[in-house]
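S.K.: compute the structure for the input listed below.
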Amino acid sequence: MNNIPIFLICDDNYTPYMATMIASICYNTKSLINFHVIGKGTSDNNKAQIEKMKNTFKNFAIDYKVFDATESFNIPYLSLSRMTSSTFIRMSLPDLYPELTRALVMDVDIISLQDIVKLWEIDLEDYHFAAALDKPFDAYYKFKECMNVDVDCNYANCGVMLLNCEKWRKDKITQKCLDIEKKYRDNLTCADQDVINKIFLGKFKLLDCKYNSLLGNDNDIINRHFCHLRKPWLSKYNIEGDEIKNFDDWWRFAKMTPFYNQLKLKYEEFNNGSKNNSPKETQTQYRKMEAIALARNLLKRKQNCPK
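M.R.: This is a model prediction of the structure:
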């Protein structure tokens, strides 16, 4: 039986969503999963809640590492409203876990709908990583414009990556990432994803979008990624006003976690106490949330910028 290591970058406030993701993977996968959680820290209470899930799922182990990218990488600010500095940890995971030769990285706003062994067993050949394309291509066009990229290339969505950790360390990719981040800090529109794509310029193994489906409708999806403002724990609608795909599946897995009641309360709060906002009301709420987060990050940037 496979033993699959998965990196999860997660700060404490995202633990309920991470738990939902863990439930979905364990429910659909027969292999033993070793989850390696890394971020600014997980509370003892939330760790205890995750441990309770082992009463239902016998096929996972989990450990936690505290790592502050702001301090460790000297990244003083991040002007993107929907991200935190922890996202930059992705660039250095192979160095932070030197015992691993190969691993998966998955964002915690994902659920698995099939056995992820299909992803794990993909041959990486001699590539540093495998990933699916980021669709639609808005982020790619911004990347080309803001990162001085004058060639056409595949642009990876780094929410799901199969990593060749050994090759990453050997070629000192972490240091290259840190150099690029520093050079383009004020130009980044997708944080570490832009950094990684700038280094590789399409030279990665391309995964079928079913392994990281952002918008797809097909029935063969392995992982559904609720990226950007498509959060089923907030609304059944996305920022465009369309119904979120696999919304019911996300809540089915959320119900398998000790965080279900907490998540229901958060959902009702976002929807002003009603079962669902209208699409227009949802868009208004999302935009308010984005504006608050952006203002907070810009204030932090102002406080940390050199005079």
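
S.K.: give the contact list for the residue most central in space within the chain.
M.R.: When the chain is reduced to its mean C-alpha position, the closest residue under C-alpha atoms, centre = their mean turns out to be residue 107, at 2.2 Å. Applying C-beta atoms under 8 Å, 6 or more residues apart in numbering, one finds that residue 107 lies in contact with 9, 159-160, 225, 227. Yep, even glycine has a C-beta here, placed from its N, CA and C like the rest.

S.K.: try 10 Å this time
M.R.: Residue 107 sits next to 8-10, 14, 17-18, 21, 87, 90, 157-161, 212, 223, 225-227 when contact means C-beta atoms under 10 Å, 6 or more residues apart in numbering.

S.K.: cool, and residue 86?
M.R.: 9-11, 14, 38-40, 67-70, 78, 191-192.

S.K.: from these, keep the buried residues only.
M.R.: Among these, those that count as buried by neighbour count (16 or more other C-beta atoms under 10 Å) are 9-11, 14, 38-40, 67, 69-70, 78, 191-192.

S.K.: now do the helices in this protein.
M.R.: Secondary structure of the chain by DSSP state H: the helices cover 15-28, 44-52, 69-72, 93-96, 117-120, 138-146, 165-170, 173-184, 191-200, 247-254, 260-270, 279-304.

S.K.: what's the closest of the ones you listed to residue 232?
M.R.: Relative to residue 232, the nearest member of the helices of the chain by C-beta to C-beta is helix 247-254, separated by 4.0 Å.

S.K.: now that closest one: mean pLDDT?
M.R.: Across helix 247-254, the average pLDDT comes to 97.

S.K.: for it, name the packing helices and strands.
M.R.: Under the contact definition 3 or more C-beta pairs under 10 Å, 6 or more residues apart in numbering; DSSP states H and E, helix 247-254 sits against helix 15-28, strand 110-112, strand 223-225, helix 260-270.

S.K.: out of these, flag the one nearest residue 47.
M.R.: Each of these was scored for nearness to residue 47 using C-beta to C-beta, and the closest is helix 15-28 (8.5 Å).

S.K.: what's the angle between that closest one and helix 260-270?
M.R.: Helix 15-28 runs at 130 degrees relative to helix 260-270, counting by axes from the mean of the first three to the mean of the last three C-alpha atoms, to 10 degrees.

S.K.: re the thing from before, turn the buried ones among the contacts of residue 86 into JSON lines, columns for pLDDT and distance to residue 29.
M.R.: JSON lines is the format used below for the buried ones among the contacts of residue 86 (pLDDT from 0 to 100; distance: C-beta to C-beta, whole Å):
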{"residue": "9", "pLDDT": "96", "distance to residue 29": "20"}
{"residue": "10", "pLDDT": "95", "distance to residue 29": "19"}
{"residue": "11", "pLDDT": "90", "distance to residue 29": "25"}
{"residue": "14", "pLDDT": "95", "distance to residue 29": "21"}
{"residue": "38", "pLDDT": "97", "distance to residue 29": "21"}
{"residue": "39", "pLDDT": "94", "distance to residue 29": "23"}
{"residue": "40", "pLDDT": "92", "distance to residue 29": "28"}
{"residue": "67", "pLDDT": "93", "distance to residue 29": "26"}
{"residue": "69", "pLDDT": "86", "distance to residue 29": "29"}
{"residue": "70", "pLDDT": "82", "distance to residue 29": "34"}
{"residue": "78", "pLDDT": "58", "distance to residue 29": "33"}
{"residue": "191", "pLDDT": "89", "distance to residue 29": "28"}
{"residue": "192", "pLDDT": "92", "distance to residue 29": "26"}
